[in-house]
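Visitor: below: sequence and its predicted model.
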Amino acid sequence: MKGGKGLPEKFEPWNSAMPAWEKILSQEEVWKTILYINKTVKDRRQPIPQKQKPSLEQGKNIYLKKCAFCHGEKGKGDGPAKEYTLPQPRNLTKGHIKIRSTSFGKIPTDKDLFDAVSNGMKGTTMPGWSHLSKVIDKA
């Protein structure tokens, strides 16, 4: 998909759950929508000070806000968005991570998990969360 003025030249569509509207909406409709969103939607991000040390409570809060909608509150892949994703969200309680550096049957490394969360999963609706600070990602 092509970017417009002030937008990226192109992006990888797999890195977003947002559908492409390029051939459905006119360029004028796209820009009117962007202007409407910019004018009416508040920035919902609440930055966490960088100097805080990561904690389990921080990690839990981030998971519940960013991940539970798909993966479920307990990580079993049974979140309310489950029926709308393809493939369906992974059951995280089993420890099976698709892209990892360890052999099958071995626990993935922290870096494997960090990379999956930061980069998302190509070919799925799992977005990358690289825009979160490194402290938050490792919480």
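Guide: Sure thing, it's come through.
Visitor: can you tell me the closest non-neighbouring residue to P127?
Guide: Spatial nearest neighbour of P127, chain neighbours left out: G120 (4.9 Å); criterion: CB to CB, 6 or more residues apart in numbering. C-beta coordinates here come from the backbone N, C-alpha and C atoms, glycine included.
Visitor: wait, is K65 part of a helix?
Guide: Yes: under DSSP: H, G, I helix; E, B strand; the rest coil, K65 sits within a helix.
Visitor: any idea how many residues pack against it?
Guide: 11 (other CB atoms under 10 Å).
Visitor: likewise V117?
Guide: 21.
Visitor: ok, it to G79 distance?
Guide: 16 Å (CB to CB, to the nearest Å).
Visitor: the residue nearest to P127 and L64: what is the separation?
Guide: Using CB to CB, we find G120 at a distance of 19 Å from L64.
Visitor: which one's more surrounded, these two?
Guide: Applying other CB under 10 Å to G120 and L64 shows that G120 carries more neighbours, namely 20 against 11.
Visitor: how far away is the more buried one from E29?
Guide: For G120, the distance to E29 - CB to CB - is 27 Å.
Visitor: equivalent analysis for K122, please.
Guide: As for K122, its distance to E29 is 29 Å (criterion: CB to CB).
Visitor: same question, K111
Guide: As judged by CB to CB, K111 and E29 stand 42 Å apart.
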